[in-house]
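Compute the structure for the input listed below.
(one chain, ligands or ions: 1)
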Amino acid sequence: MEKLRDCLPKGAKVLLAVGNHVKKSGLLERLMRILADFETVVFCGIRAEPPLPEVDELIGFGRRNAVSAIVAVGGGSVLDAAKAAAAIIPLDGTVGDYFYQRKAIPGKGLFFAALPTTAGTGTEATPNSVLSDPDTDIKKSIRHDSMFPDLAIVDPELTYSCPADLTAHSGLDALTQAIESYISRNANTVSKALAARAVQLIFAALPKVCADLNDKNARRDMAEGSMAAALAFAQSGLGAVHGLGHPIGSKLHVPHGLCCAILLPKILRRNQDYCSEALDELALNCSCAGGEFFVEKIEKLCRDLNIPADFRKFGMEREIFPFVLKNCRSGSMRSNPRSFEDGEIIEILESLL
Ligand SMILES: [Fe+2]
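Okay, here's the model as predicted:
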């Protein structure tokens, strides 16, 4: 993390965007010492699944302070909000203009550095910023090739104080991303190599880190696995867990990692017959006797980590089915190894009531 000081553009005016946890844990003071040579303004606290009005606050803060670089330190929400702000601050308009494609991102925005404090989202290695509109419950990405962070510092030490629930949920998001990338219709040799390694690392390390939050080797493997998964899915895309997870999560206000964790076993079962060879390969990689056993181990892992089997406690009702159907046909759904007709999506949603 100390390397941050040497990697920023000389003379930059820095907007340091941090999560509340970074402020409470004392990490903010350490960051301010690292950034002592730079004029720095601090923006603290972005809510989960960043709502557009909060991203506009961040953009307004950056514009008023005429910042030239953004350093984001936090979980996926902080990083995604800051990534969008870095792209939009030099432009006209609100984040909603770009979210709803009334305006297009023309190219590179401000210098952007991402330092994740969870091992899960992988947003430090992708050009996507996933945001949500509380007025419409629509959750989707703003994306442009110029939005890849200029600098990503993946330091496992930053994840040491990540609490148990968030460690489990973001870890299962990382595992989902790694598996979805490997079995994606758009996978290629490079993305598959990265995704296979990510699955191997996360599959072994996630139970360990959830059993002992102080297991530094497991924290390191989770950080590396999460980053490798992101490098993979930035090329291959994701799958139906993410396709369905976005509209369900935004409608029911379920945090992204938990939402993916609930969906992963169910969607794997639906995909299994369409990617059995790929699941056998992943199983071999994880010392499991075949794809079926690999899927069973993931089901058990989710149970062991107290992941609910459905969205009942989040108030899932049939009323939201039309919204989910309308908003699930994203790029993630298209890269899933098989297509789902509307009727089968309804079946899946029924099983989650
Ligand atoms: Fe995800």
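
Would you map the strands across the stretch 101-250 of the chain?
Secondary structure of the stretch 101-250 of the chain, counting by DSSP state E, counting those that start in this stretch: strands at 111-116, 128-133, 138-143, 151-152.

so of those, which one's packed in deepest?
Counting by mean count of other C-beta atoms under 10 Å, strand 111-116 has the highest mean neighbour count of the strands of the stretch 101-250 of the chain, with a mean of 26. No exception for glycine: its C-beta is placed from N, CA and C like everyone else's.

who does it touch, helix- and strand-wise?
If you count contacts as 3 or more C-beta pairs under 8 Å, 6 or more residues apart in numbering; DSSP states H and E, strand 111-116 packs onto helix 4-7, strand 69-74, helix 76-88, strand 151-152.

so who does Asp92 touch?
Lys103 (C-beta atoms under 8 Å, 6 or more residues apart in numbering).

Look up how far Arg63 lies from it.
10 Å (C-beta to C-beta, to the nearest Å).

swap in Lys251?
Using C-beta to C-beta, one gets 32 Å for the distance from Lys251 to Arg63.

neighbour-wise, which of the two wins?
Lys251 (21 against 14; other C-beta atoms under 10 Å).

these two touch, right, that one and Ile320?
Yes: Lys251 lies in contact with Ile320 (C-beta atoms under 8 Å); the separation is 4.9 Å.

list the residues that contact both of the two?
Common neighbours of Lys251 and Ile320 (C-beta under 8 Å, 6+ apart) do not exist.

related to what we said a few turns ago, right, so the helices and strands packed on strand 111-116: which one is the most enclosed?
Of the helices and strands packed on strand 111-116, helix 76-88 is the most buried (mean count of other C-beta under 10 Å), at a mean of 29.

next SSE after that one?
helix 95-99 (DSSP states H and E).

Buried residues in that following helix, which are they?
By neighbour count on 16 or more other C-beta atoms under 10 Å, the buried set for helix 95-99 is Val95, Gly96, Tyr98, Phe99.

Quick one: residues contacting Arg220.
Per C-beta under 8 Å, 6+ apart, neighbours of Arg220: Pro156.

Report the separation between it and Glu124.
16 Å.

what are the phi and psi values for the residue most central in space within the chain?
Closest to where the C-alpha atoms of the chain average out (C-alpha atoms, centre = their mean) is Thr121, at 2.6 Å. Thr121 adopts backbone torsions of phi -70, psi -40, taken as degrees, to the nearest 10.

Check whether it really touches Lys83, as I assumed.
No: counting by C-beta under 8 Å, Thr121 does not reach Lys83; the two are 10.8 Å apart.

before we move on, back to that, excluding chain neighbours, what is closest to the residue nearest to the centre of the chain?
Leaving aside its sequence neighbours, Thr121 sits nearest to Gly76 (C-beta to C-beta, 6 or more residues apart in numbering; 3.0 Å).

got the contact list for that neighbour?
By C-beta under 8 Å, 6+ apart, the contact set of Gly76 is Pro116, Thr118, Gly120, Thr121, Thr123, Val130, Ser170, His256.

one more time with 10 Å
19, 48-50, 114, 116-118, 120-124, 129-130, 170, 173, 255-257 (C-beta atoms under 10 Å, 6 or more residues apart in numbering).

The residue nearest to Val18 when sequence neighbours are not counted and Ala174: what is the separation?
Counting by C-beta to C-beta, 6+ apart, Val73 is the residue found nearest to Val18 once chain neighbours are left out, at 4.9 Å. According to C-beta to C-beta, Val73 and Ala174 sit 19 Å apart.

for Cys328, same thing?
22 Å.

just Leu110 next, same as before
27 Å.

just Gly257 next, same as before
8 Å.

Who has more neighbours out of these two?
Taking other C-beta under 10 Å, Gly257 and Ala174 do not tie; Ala174 has more neighbours (31 against 28).

so the more buried one touches Leu206, yeah?
Yes: Ala174 is within contact range of Leu206, at 8.0 Å (criterion: C-beta atoms under 10 Å).

now stretch 289-308: how far from the chain's centre is it?
Averaging C-alpha positions (C-alpha atoms, centre = their mean, to the nearest Å) puts stretch 289-308 21 Å from its chain's average.

and what of stretch 165-172?
Worked out by C-alpha atoms, centre = their mean, stretch 165-172 lies 11 Å from the chain centre.

Likewise for stretch 345-353?
24 Å.

Just the C-alphas of it, formatted as CSV.
In CSV, the C-alpha atoms belonging to stretch 345-353 read as follows (Å, rounded to 0.1, in the frame of the first residue of the first chain):
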residue,chain,number,x,y,z
ILE,A,345,-36.7,-18.2,-15.2
ILE,A,346,-40.1,-18.1,-13.6
GLU,A,347,-39.5,-21.6,-12.3
ILE,A,348,-36.2,-20.6,-10.8
LEU,A,349,-37.8,-17.6,-9.2
GLU,A,350,-40.7,-19.8,-7.8
SER,A,351,-38.0,-22.0,-6.2
LEU,A,352,-36.6,-18.9,-4.4
LEU,A,353,-39.8,-17.8,-2.8
